[in-house]
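In: Give me a 3D structure for the following:
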Amino acid sequence: MSGAGSSRRPGAIAYRIQATDPHAHLFEVELELDEPDPEGQRFTLPVWIPGSYMVREFARNIVGIEARSAGRKVALTKLDKNTWLAARCTRALRLRYTVYAWDLSVRGAHLDASHGFFNGTSVFLCVSGQEDRACRVDIVRPRGKSYRDWQVATTLERAGAKPWGFGTYSARDYDELIDHPVEMGRFTKVEFELRGVPHAIVLTGQHDADPERLAADLHRVCDAQIRLFEPRTRKAPFDRYLFLTTVVGDGYGGLEHRASTALVCARDDLPYPAMQRMSDGYRKFLGLASHEYFHSWLVKRIKPQAFTPYAFDRENYTRLLWIFEGFTSYYDDLMLVRSGAISVEDYLKLLGSTASQVLRGAGRLRQSVAESSFDAWIKYYRQDENSPNAIVSYYAKGALVALCIDQAIRERSAGKSSLDDVLRLMWRRHGRDDAPRPQGLPEDGFAALVRDASGVSLDREIADWAYGTSELPLAKALSRVAIEFDTRSAGPVESMLGMRVTARHGELVVASVQSGGAAQRAGVSAGDAIVALDGLRADEKALRARLERRREGERARLHVFRRDELLAFDVRLGGHSATDATMKAMEKPGAAARKARDRWLG
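Out: A predicted model of the protein is given here:
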């Protein structure tokens, strides 16, 4: 950092952001730096956002940028896709730039006349070489009468701003600055306190939700997670927490941050005042919120060693996302049942759905979850029509690996230890502020952690289940806790034709063909629009009904349009092994198995 020999301590890097033209979706950002590098100051914008492992090129949304010092324009040279170099200057340097914000997701920035949302990775340039300096940001109200009742929701530290208000906020460094998303506009908020820590849920968008029901359910789920990691102190790893929720007609997604999460959900997935029974949509939303809250420990504070620190200008590779995302996917629903938010039957239904997702894809036999993790940047986040045949989800299969590890530890330790103990040890060693070892789990460190936490060695099993493509012993693992595991053939389109279809623009289109399945053998390809089966027009309902009347080995005539060409294929039905999984509690288990199940599910 320049000026190191000066007796004057540099002030905070100052940012100012304002929604200057909501109708055009434009934020204006100013950055003022009191001590730029006299040899020329570089500025960069991240190319990805932690938690979403794909290079997204946020710099493409900067639509205008200029620099000034002492009232004079300073030349800016763009060095690469996300880096600018300011010409030499010795006095304070001010950048002003405009950001186009029309990404209605949890990853970027979005602005219109109804609300504004941004992640710091999309809007705040980083001062190269001065990443450790304190930051100050002024969040300025948009101009105009229609924005007078707008509020601000963020977990940035207030430095003059009133609660829920525009004004000045602060961060200890750049990494903290970009890890607190900001929502502004008119929103519903409901607050609750959990073990002395304020929590709040913010709902942006039209809805008829019951915020009090939502707060009560999340209170139970969040409390169960705190007790998991800190059974003695019951202390959360943050001073406050915020669920920033954008409500839309149809949407789903979440992204974790150190003291908050950004969520997108369908309005029909939220609870409503007259709701008697929990809907599938609400159960799904609670699982999403549980997943992101769990990341407060696993990912935000306990990281792969490869992520300490993050490199924001390129891909960050690790083979451990099957732990950090997969284990979180295991515990998100497990926390729902342990907290009493859902029933055991509902939990087993969710777990069966996860198993079905994995078993339906041939990719599980070709790619390990460790490989899936490493290639997330180019495969998992860039899926195409062949992905079910080529890749496996480190979320879904990672959750099943966690289940198998958990049950193996419980069995071999005679119920004295579990995966819970492994997570707690990981937290003490690699996550807590008082952790005695450097933060970050080594790439080869998990098996030793299991041994240290439980006294159980699972080195061979971890190698097979996570770093190999062996089928997981789900039936055996679940039988130990009095759960019946069964599989059945998937629906007739998948089992008889070996393909998946979707309705698109009034047509029934092939979404993917399964490797080795009947459709692939006959020559059918993804993107083909199905016209008829055996000379009869086939919509999705009719196709399913006709296939249910057919037997494996019979032949059928399938007509499709490929682009504008009509093609006909002779298909030999059947031969595809796609399966769905079901799970249910045994009606008359042995006493030991029943006790093990109760301990597992809490």
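In: for the stretch 201-350 of the chain, which spans come out with low pLDDT?
Out: Along the stretch 201-350 of the chain, the model assigns pLDDT under 70 to no residue.
In: In it, what residue spans correspond to helices?
Out: 211-229, 280-294, 321-324, 326-338, 344-359 (DSSP state H, counting those that start in this stretch).
In: Run the angle between the first one and helix 326-338 for me.
Out: Between the axis of helix 211-229 and that of helix 326-338 there is an angle of 120 degrees, by axes from the mean of the first three to the mean of the last three Cα atoms, to 10 degrees.
In: residues in contact with Tyr15?
Out: Neighbouring residues of Tyr15 by Cβ atoms under 8 Å, 6 or more residues apart in numbering: Val29, Glu30, Leu31, Glu32, Phe124, Cys135, Arg136, Val137, Asp138, Leu177. No exception for glycine: its C-beta is placed from N, CA and C like everyone else's.
In: Who wins on neighbours among those residues?
Out: Val137 (28 neighbours; other Cβ atoms under 10 Å).
In: Skip the chain neighbours and tell me the closest residue to it.
Out: Nearest residue to Val137 in three dimensions, chain neighbours excluded: Tyr15, at 4.2 Å (Cβ to Cβ, 6 or more residues apart in numbering).
In: same check, this time on Ser457
Out: Using Cβ to Cβ, 6+ apart, the nearest residue to Ser457 is Arg451, at 5.5 Å.
In: Out of the helices of the stretch 201-350 of the chain, which one sits most buried?
Out: Scoring these by mean neighbour count under mean count of other Cβ atoms under 10 Å gives helix 321-324 as the most buried, with a mean of 26.
In: So what's the model's average confidence on stretch 499-510?
Out: For stretch 499-510, mean pLDDT rounds to 94.
In: If you count neighbours, what's buried in it?
Out: Buried residues in stretch 499-510, counted by 16 or more other Cβ atoms under 10 Å: Met499, Arg500, Val501, Leu508, Val509, Val510.
In: Please flag which of the residues you listed sit within strands.
Out: Using DSSP state E, Met499, Arg500, Val501, Leu508, Val509, Val510 are the members of the buried residues of stretch 499-510 that sit in strands.
In: between those residues, which is closest to Thr582?
Out: Arg500 (20.1 Å; Cβ to Cβ).
In: Near Asn316, how many other residues are there?
Out: The burial count for Asn316: 17, using other Cβ under 10 Å.
In: correct me, but it touches Lys303?
Out: No. When contacts are counted by Cβ atoms under 8 Å, Asn316 is not listed as touching Lys303 (9.9 Å).
In: Among the ones in strands among the buried residues of stretch 499-510, which one lies nearest to Arg143?
Out: Val509 (46.7 Å).
In: Which of the contacts of Tyr15 fall within helices?
Out: Among the contacts of Tyr15, the members found in helices (DSSP state H) are Leu177.
In: which among the contacts of Tyr15 gets closest to Tyr100?
Out: Of those, the one sitting nearest to Tyr100 (Cβ to Cβ) turns out to be Val29, at 11.8 Å.
In: any idea how far Ala262 is from that closest one?
Out: Distance, Val29 to Ala262, using Cβ to Cβ, to the nearest Å: 19 Å.
In: One more: Asp103?
Out: From Asp103 across to Ala262, the span is 12 Å (Cβ to Cβ).
In: Please identify which of those two sits among more neighbours.
Out: Ala262 (24 against 19).
In: And for that one, nearest residue in space, chain neighbours not counted?
Out: Val106 (4.0 Å).
In: wouldn't that neighbour be in contact with Val264 here?
Out: Yes. Counting by Cβ under 8 Å, Val106 touches Val264, with 5.8 Å between them.
In: Identify the contacts common to those two.
Out: When Cβ under 8 Å, 6+ apart defines a contact, the residues bordering Val106 and Val264 alike are Thr246, Gly253, Gly254.
In: Quick check: closest non-adjacent residue to Val531.
Out: Leaving out its chain neighbours, the residue that sits closest to Val531 by Cβ to Cβ, 6+ apart is His559, at 4.3 Å.
In: got it, and Ala14?
Out: Leaving aside its sequence neighbours, Ala14 is closest to Glu32 (4.3 Å, by Cβ to Cβ, 6+ apart).
In: Pull the contacting residues for that neighbour.
Out: Ile13, Ala14, Tyr15, Arg16, Ala92, Leu93, Arg94, Leu95.
In: nearest to Ser457, of the residues you listed?
Out: For these, the nearest to Ser457 is Ile13 (49.5 Å; Cβ to Cβ).
In: For the closest residue to Val510 other than its chain neighbours, grab phi and psi.
Out: Leaving aside its sequence neighbours, Val510 sits nearest to Asp528 (Cβ to Cβ, 6+ apart; 4.6 Å). Dihedral pair for Asp528: phi -70, psi 140, per degrees, to the nearest 10.
In: and the gap between Asp528 and Cys404?
Out: For Asp528 relative to Cys404 (Cβ to Cβ), the value is 38 Å.
In: likewise Thr308?
Out: From Thr308 across to Cys404, the span is 28 Å (Cβ to Cβ).
In: Neighbour count for those two, which is higher?
Out: Cys404 (23 against 13).
In: so the more buried one, which of the three states?
Out: Secondary structure state of Cys404, per DSSP: H, G, I helix; E, B strand; the rest coil, is helix.
In: So it is in contact with Arg480, correct?
Out: No. Look at Cys404 against Arg480 with Cβ under 8 Å: they stay out of range, at 10.6 Å.
In: Arg232: neighbour count?
Out: 6.
In: show me the contacts for it.
Out: Counting by Cβ under 8 Å, 6+ apart, Arg232 makes contact with nothing.
In: now the stretch 1-150 of the chain, which segments are flagged as low pLDDT?
Out: Using pLDDT under 70, the stretch 1-150 of the chain drops low at 1-10.
In: all strands of it, in order?
Out: 13-21, 26-33, 42-44, 62-69, 72-74, 76-80, 83-86, 93-100, 109-111, 115-118, 126-127, 135-140 (DSSP state E, counting those that start in this stretch).
In: In JSON lines: these, plus distance to Val571.
Out: JSON lines is the format used below for these (distance: least, Cβ to Cβ, whole Å):
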{"stretch": "strand 13-21", "distance to Val571": "55"}
{"stretch": "strand 26-33", "distance to Val571": "53"}
{"stretch": "strand 42-44", "distance to Val571": "54"}
{"stretch": "strand 62-69", "distance to Val571": "51"}
{"stretch": "strand 72-74", "distance to Val571": "67"}
{"stretch": "strand 76-80", "distance to Val571": "51"}
{"stretch": "strand 83-86", "distance to Val571": "54"}
{"stretch": "strand 93-100", "distance to Val571": "48"}
{"stretch": "strand 109-111", "distance to Val571": "45"}
{"stretch": "strand 115-118", "distance to Val571": "48"}
{"stretch": "strand 126-127", "distance to Val571": "56"}
{"stretch": "strand 135-140", "distance to Val571": "60"}
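In: Can you check which of those gets nearest to Glu554?
Out: When the strands of the stretch 1-150 of the chain are compared by Cβ to Cβ, strand 109-111 sits nearest Glu554, at 51.5 Å.
In: Give me the helices and strands touching that closest one, please.
Out: Packing partners of strand 109-111 (3 or more Cβ pairs under 8 Å, 6 or more residues apart in numbering; DSSP states H and E): strand 26-33, strand 115-118.
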